[in-house]
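In: this one's sequence-less:
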């Protein structure tokens, strides 16, 4: 860590005073970049790209090289754990993830085991090692996982869903089975994240893509309680000492207080959340990460600059009691975003955020 | 109005003390009912069902006859206005709404006119008249509209959407054009709702299906501001005197305070909102309508009863300062819901809610 040339992101996540707002972007290594599409084509399919450390490293580095972002994020997929559990992930662009062997019975849940992170998910750890080598201390590397609720949703639905009737059916009708499933996924996530840190991840993020589909009470019981376990496990692990962890629940704007209660270091905000209200609600307890509407990235450089400044103004001046702000979009950058808009975004934030840190 | 046999819903919406919690269910006339599917088959297609007043009346009455709900809602679609504007709505089950002639240019916006509610949307007004006759004062009839933002989204996207890049592109890059479009839709909605009241609608509801896809600030400017115009127009219209109006933004749980500021009578809550917190935030200003997770309707009668009681307990005792609660789901009942679960829901609420009104 002492060799990091740009440690702005980590210092900001620790709540330290920084000279400007750091920026990285969810899905910054993605289809909007022509060089990503070229590597993706070379790999043949998305999962091969994830599972080939050199190629995963190549696409991880592309947005760092092109835009000078303040953090790199491991190129991988949130569904690696269920895949390693034997559900056989198939990722086809335009269709979304599908499991060949989804969870369809209590027997399927009983049969699940915690994958060995180095044995069964070694390609992820190898990717982290290769990326750390390639980064050579330029910026920190973020490791990540899907949240237990999100992973369980995909495992039970067998794919993405609109109504989530299968996983919610399990939750409503067989809550013990749902908890059994969530617990084994949580145990797996904890081992997975610890292995990521051991391999070189310098910060962690939990993507709770589907927690926002739950009622407030079910969110607490079936999603947040398991993210709490993850935060506690990482915080109580000596080997993870000082590795910050960020929680992001898409559609979770109503629940920021209880998310902050987990003791995590930061909260990702989707674009529906007013960052200035969020700062008032939890800004003295956690760093806030976000939250420009990703669709702006499809418009003009002027629009991008204007909206980025709006978010910076929304967070406002960093006062002593504030934990701070890390710039990001409110969700992943989309395939139709323009690379030159990403350039405008990074320049705006890096050149103009200093005024909010005086 | 004086001839209503069951005016519980209207009294509750006026904030009067009632003996128990009234219940109706969004999309209560829908595919989960075998008798609905039979009428729908007879009609041939969904739009013919909407456009044939006798058939629209038949399906409107079905859940009233079967379950004894406390309000009927006009059977129609939220996209009737753009259809009447000439965009040519096509509704195919399983695909969702599509416009043959979506808005694709400034010229398309300039060419839009306000449809004459009696002339161009006469089938809706006729359906209301026929339904009022069939209801014969059993329960009140709810009229409705899509919100201007939701209608404009469909008009510009040409169909449903996940990212809303077209309408958001218009909003970000040509806000004047977006406002021009939203204003003509709003003018149309106001005329449409007034005509519904003239035809016999006794209560009104605005469905803002896509407002929750906006940032807080854009929600205020591009969705809520236009719903405010609608509320004001209805409240200031003598002919609409005493007709309550309810706003429902799916995903709008963060914005209840500003929604209540419009002066509407009630707010629909989606299932993600904690109704007890919502009551604390705005319950002395507006009636709250909702908000059980619709997926529960696919489980067992016991589950339905338990969850219904949870919502009733969540709202809790009706105190003098509370405007009150109307039971509903947090979104439309889904095709896979079981009719016997609807029976259990209605019985639970009607038989057990009295204890919260002592």
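Out: Perfect, I can see it now. Values in this document were obtained by computation on a predicted structure and should not be read as measured data. Numbering: from 1, shown residues only, chains lettered A, B, ... in the order given.

In: Tell me which stretches of the stretch 151-300 of chain A form strands.
Out: If you assign secondary structure with DSSP state E, counting those that start in this stretch, the strands in the stretch 151-300 of chain A sit at A:203-208, A:245-249, A:266-268, A:287-292.

In: Next secondary structure after the last one?
Out: Okay, so that is strand A:287-292. Toward the C-terminus, strand A:287-292 is succeeded by helix A:301-315 as the next helix or strand (DSSP states H and E).

In: who in the stretch 51-200 of chain A is up against chain B?
Out: For the stretch 51-200 of chain A, the contact set with chain B under C-beta under 8 Å from any C-beta of the partner chain comprises A:163, A:164, A:165, A:168, A:169, A:172, A:173. Backbone N, C-alpha and C define where each C-beta goes, glycine included.

In: count of neighbours near the fifth one?
Out: Residue A:169 is surrounded by 18 other residues when neighbours are defined as other C-beta atoms under 10 Å in any protein chain shown.

In: Let me know whether it touches residue B:298 as I believe.
Out: Yes - taking contact to mean C-beta atoms under 8 Å, the distance of 6.3 Å between residue A:169 and residue B:298 places them in contact.

In: Give the helix, strand or coil label for the spatially most distant residue from the centre of chain A.
Out: Checked against the mean C-alpha position of chain A, the extreme residue using C-alpha atoms, centre = their mean is residue A:107, at a distance of 31.0 Å. Assigned with DSSP: H, G, I helix; E, B strand; the rest coil, residue A:107 falls in the helix class.

In: Can you tell me how far it is from chain B?
Out: Relative to chain B, residue A:107 is positioned 21 Å away (criterion: C-beta to the nearest C-beta, to the nearest Å).

In: quick one: contacts for residue A:273?
Out: Each residue near residue A:273 by C-beta atoms under 8 Å, 6 or more residues apart in numbering or on different chains is listed here: A:253, A:256, A:290, A:291, A:330, B:216, B:254.

In: and the third one, what is it in contact with?
Out: Read it as residue A:290. By C-beta under 8 Å, 6+ apart, the neighbours of residue A:290 are A:268, A:269, A:270, A:271, A:273, A:275, A:311, A:327, A:328, A:329, A:330.

In: ok, the residue of the stretch 1-150 of chain A found nearest chain B - contacts?
Out: Among the residues of the stretch 1-150 of chain A, residue A:96 lies nearest to chain B; the distance is 10.5 Å by C-beta to the nearest C-beta. When the contact criterion is C-beta under 8 Å, 6+ apart, the partners of residue A:96 are A:159, A:160.

In: what's in contact with stretch A:170-179?
Out: Contacting residues not belonging to stretch A:170-179 are listed as A:106, A:109, A:152, A:156, A:167, A:181, A:218, A:222, B:295-296, B:299-300, B:303, B:307 [C-beta under 8 Å, 6+ apart].

In: For residue A:8, give its distance to residue A:254.
Out: As defined by C-beta to C-beta, to the nearest Å, residue A:8 lies at a distance of 31 Å from residue A:254.

In: The least confident helix or strand in chain A by mean pLDDT - contacts with which helices or strands?
Out: Scoring the helices and strands of chain A by mean pLDDT, DSSP states H and E places strand A:89-92 at the bottom, with a mean of 88. Judged by 3 or more C-beta pairs under 8 Å, 6 or more residues apart in numbering or on different chains; DSSP states H and E, the packing partners of strand A:89-92 are helix A:46-51, strand A:96-99.

In: One more pass at 6 Å, please.
Out: Here strand A:89-92 is seen to pack against no other helix or strand when contacts are counted using 3 or more C-beta pairs under 6 Å, 6 or more residues apart in numbering or on different chains; DSSP states H and E.

In: strand partners of it, parallel vs antiparallel please.
Out: The strands that strand A:89-92 pairs with in its sheet are strand A:96-99 (antiparallel) (by DSSP bridges).

In: ok, and for the partner strand, which residues are buried?
Out: When burial is assessed from 16 or more other C-beta atoms under 10 Å in any protein chain shown, strand A:96-99 yields the following buried residues: A:97, A:98, A:99.

In: Give me the pLDDT for the closest residue to the last one other than its chain neighbours.
Out: Distances taken as C-beta to C-beta, 6 or more residues apart in numbering or on different chains place residue A:87 nearest to residue A:99, at 4.2 Å, with adjacent residues excluded. Here, the pLDDT recorded for residue A:87 equals 98.

In: Isn't residue A:87 up against residue A:101?
Out: Yes - contact criterion C-beta atoms under 6 Å: residue A:87 and residue A:101 qualify, at 5.0 Å.

In: Compare the two (neighbour count), which wins?
Out: Neighbour count, other C-beta under 10 Å: between residue A:87 and residue A:101, residue A:87 has more, with 22 against 14.

In: Report the buried residues of stretch A:175-184.
Out: Of the residues in stretch A:175-184, those buried under the neighbour-count criterion (16+ other C-beta under 10 Å) are A:177, A:178, A:179, A:181, A:182, A:184.

In: For the residue of the stretch 101-250 of chain A at minimum distance from chain B, grab the count of nearby residues.
Out: Proximity to chain B, evaluated over the stretch 101-250 of chain A using C-beta to the nearest C-beta, is greatest for residue A:216 at 3.8 Å. The burial metric for residue A:216, expressed as a neighbour count using other C-beta under 10 Å, is 22.
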